[in-house]
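Q: Next input, structure requested:
(one chain, ligands or ions: 1)
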Amino acid sequence: MTITTEPAQVRATAPHALGYKDFSLGAFSFHRDEYFAHVRWTTRDGRPMSHTLDAGDFLRALMRDVAWGFFYGWVNFDDVIGTVNHYQSVDLYAGSFNGTMKEAGIDRLENFPTDQIRATFEAMLDDWTNAGFDPFAAPQETGSAHGRKNGSNTAKITRARELAKRCVGLKDDLNLRSDERGAPVNRAFADVPQAQPELHPEPGFENEVHAFNLFGFLSRSQVTWNPSFTSVVKYSFMCPTTEEHKLPIIHGNDRVEWFFQMSDEIVWNCADKNTGKPMARVLMKAGDMAAMPAYCRHQGFSPKRSMLLVWENGSPKIPELIRQGKAPDVAVSF
Ligand SMILES: [Fe+2]
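A: Next up is the predicted model:
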């Protein structure tokens, strides 16, 4: 394999005939052509295996994995490949959480230092994303991922994740979104009122008493399926997001995750986290709340751009407490 000028941990070839580089990480390799991403690996007993995804689906999933720092727990790109975040290191797997492939012994899981897999994924995302394709945008709001290598879209794939320290709009914290800041109201939310609440704090409490128009804030999101922190109280993270089309990953959380459907509708497919065996379909309408158990994986489908509030308990202790049986993997037991 020819090594080119990537960061030291990244193994990449020179561009092939279609203009894209091949990448490799441990016993996994990644190749893209005009329509597809092909992932190849060696099984635990040494056999060569491969898997194919649509290039657009692959890049949308890769975009989330990179932007979210590998997120909480499992980021399944589809039923075969994905990552598990251990917060210092990350597992990359193929078939390890697919009951049929696991039983057939054709799976592989390898653990990598976070910096190494991040550098490889960032380089692959940048090389494989053409000008005009924005993997964070709704399908109706971007060009195609397909075709031969055609420029790049680095600005769109390196957006800073919006993470409030305390609350959006407070002094020295994440700014409210506005036309001037490049965040116009989305076409789907043209009817959302933009007025801000009146605030009358006592003198000396101006930076403590706070409120903002969350619907207005979300109406101006330029991306989809990208939870941002709008308020943070210790490990309580309010992560509202706008959703359109499908969640580009199948998320298997390592803790219970709460959803509040703030507008419109999302259908969720829920499955066993370890095998992918289907468990439930959940239709959430505006005003509905749900808690996804830590033993499931879930993927949402939003026919119209909708607003979803995701609440995460971000305590780093929770996955281990669940493993030890000291914390529940469901929100409530009856
Ligand atoms: Fe999730």
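
Q: what does the chain put close to the ion?
A: 251, 257 (Cβ under 5 Å from the ion). For every residue, glycine as well, the C-beta is placed using N, CA and C.

Q: What residue in the chain comes nearest to the ion?
A: Nearest to the ion, among the residues of the chain, is His251, at 3.5 Å (Cβ to the ion).

Q: immediately after the helix or strand hosting His251, which helix or strand?
A: Here His251 sits within strand 250-252, counting by DSSP states H and E. Of the helices and strands lying after strand 250-252 in sequence (DSSP H and E), the nearest is strand 257-261.

Q: What pairs with that next one, parallel or antiparallel?
A: Partners of strand 257-261 in the sheet, by DSSP bridges, are strand 289-292 (antiparallel), strand 296-313 (antiparallel).

Q: Columns distance to Asp107 on top of those strands, output as TSV?
A: Formatted as TSV, these follow (distance: least, Cβ to Cβ, whole Å):
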stretch	distance to Asp107
strand 289-292	24
strand 296-313	16
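
Q: which of those is buried the deepest?
A: Mean neighbour count (mean count of other Cβ atoms under 10 Å) peaks for strand 296-313 among those, with a mean of 20.

Q: Give the buried residues for the helix or strand following it.
A: Following strand 296-313 in sequence order, the next helix or strand is helix 318-323 (DSSP H and E). Buried positions in helix 318-323, judged by neighbour count with 16 or more other Cβ atoms under 10 Å: 318-319, 322.

Q: could you redo the strands paired with strand 257-261 as TSV and give each row mean pLDDT and distance to Ala37?
A: TSV is the format used below for the strands paired with strand 257-261 (pLDDT from 0 to 100; distance: least, Cβ to Cβ, whole Å):
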stretch	mean pLDDT	distance to Ala37
strand 289-292	96	27
strand 296-313	97	18
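
Q: re the thing from before, out of the buried residues of helix 318-323, which is nearest to Asp173?
A: The closest of these to Asp173 turns out to be Ile318 (Cβ to Cβ; 25.4 Å).

Q: now for the strands paired with strand 257-261, which one comes closest to Thr52?
A: Among the strands paired with strand 257-261, strand 296-313 comes nearest to Thr52, with 19.0 Å by Cβ to Cβ.

Q: Checking the residue nearest the centre of the chain next. Helix, strand or coil?
A: The centre of the chain sits closest to Arg64, judged by Cα atoms, centre = their mean, with a distance of 3.4 Å. Of the three states, Arg64 takes helix under DSSP: H, G, I helix; E, B strand; the rest coil.

Q: How about it: what's its closest non-neighbour residue?
A: Using Cβ to Cβ, 6 or more residues apart in numbering and skipping the chain neighbours, the partner closest in space to Arg64 is Ile249 (5.4 Å).

Q: Pull the contacting residues for the one you found.
A: 61, 64-65, 75-77, 82, 299 (Cβ atoms under 8 Å, 6 or more residues apart in numbering).

Q: end-to-end on stretch 313-329?
A: 12 Å (Cα to Cα, to the nearest Å).

Q: Lovely, talk soon.
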